[in-house]
Each structure stands twice: as C-alpha cells, then as structure tokens.
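Undergrad: What would the 3D arrangement of this be:
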Amino acid sequence: MVRTVVGEETHLSSFEAQLSQSGLSAQVGLVIGKITTGSDRGAVYGLVPTPLNDNGEPASLISSGRDDKKRNLKQPKSQQESSSLLIDSDWVAEHARQVSKMLLGGIHVVGVYVWVGESLFKCSSLLLWQ
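TA: Below is the predicted model of the structure:
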C-alpha cells in the first residue's frame, strides 16, 4: 500500500550526508514513525540502522556475481562482474521485533530503508520487493 510520508527534510538530509561520508557501500535499517488511521499519511520520526549480527557481519552485503560456468567472454567486463545485494532478512526482522518492543505507544516500525548505489538498486529490485 502506498502512503504519503511526512518527515523533516533537514533530518533526512543530514542522515543521507552521514551515509555518503561513511564510505559504506550498502546499509539496511528500520523506518520508525506513526501511521495515521483513516488516511494515507504517516510521519517518520527516525531511521535506525540495523546493527551487526552475532557473527559481526552487516545485515546487507554486496557480493560479486561472477559465475565462471555461465560467463560469456564476449561480454564487456562490467557486465561479467556484476554485483548483487544480499540482505539478511531474518536479522532485519529480528531487529524490527526488538525495536518494536522498545517503542512508546503509537510509534511503530513502519518500514525498512536500503542505502545502495542507483545501479545496484536497479539490479536488486526483485530482492527488495520480497
């Protein structure tokens, strides 16, 4: 379901600047906010990055998609070495459950954000819709 979301632009801009400067190639996290019942509007209060899992690995990884069996040497190198986004959905879901328990009444986890480059985002659209 599509909803209109209201948020403070300066907060979002500063968060985006922090992610750009961090040098991370990918990040996944939770969108915290409030959905108004009876309308298609919602408010975003914060973005919470998903922490490293118990093994010290991030919830989102970029892997090289090279498969030597299916590799066509006539293709340009950029197409041969395509990357793909891997998201540990179980860890993101566990993070969402834990954060939901800590939130005050009326405020919920209302979504998930993914921070990746535009080309990788387009290549990973099937994964993201899941």
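Undergrad: any idea of the mean pLDDT in stretch 94-106?
TA: Averaging pLDDT along stretch 94-106 yields 93.
Undergrad: Next one: the spatially most central residue of the chain, what pLDDT does it get?
TA: Nearest residue to the geometric centre of the chain (CA atoms, centre = their mean): Val114, 1.8 Å. In this model, Val114 is scored at 85, pLDDT.
Undergrad: That one falls within a strand, correct?
TA: Yes - counting by DSSP: H, G, I helix; E, B strand; the rest coil, Val114 is part of a strand.
Undergrad: Hmm, Pro51 is touching Val92, no?
TA: No - using CB atoms under 8 Å, Pro51 is not in contact with Val92, being 10.5 Å away. For glycine as for every other residue, the C-beta is placed from the backbone atoms N, C-alpha and C.
Undergrad: Could you tell me which residues touch both of the two?
TA: Here Pro51 and Val92 have Ala59 as joint contacts, going by CB atoms under 8 Å, 6 or more residues apart in numbering.
Undergrad: the more surrounded of those two?
TA: Val92 (19 against 11; other CB atoms under 10 Å).
Undergrad: in which helix or strand would I find that one?
TA: Assigning secondary structure by DSSP states H and E places Val92 in helix 89-102.
Undergrad: And the contacts of that helix?
TA: Contacts of helix 89-102 (CB under 8 Å, 6+ apart): 28, 30, 32, 48, 50-51, 53, 59, 108-109, 112, 130.
Undergrad: Out of the residues you listed, which is nearest to Ala17?
TA: Here the nearest of the contacts of helix 89-102 to Ala17, counting by CB to CB, is Val48; it sits at 17.2 Å.
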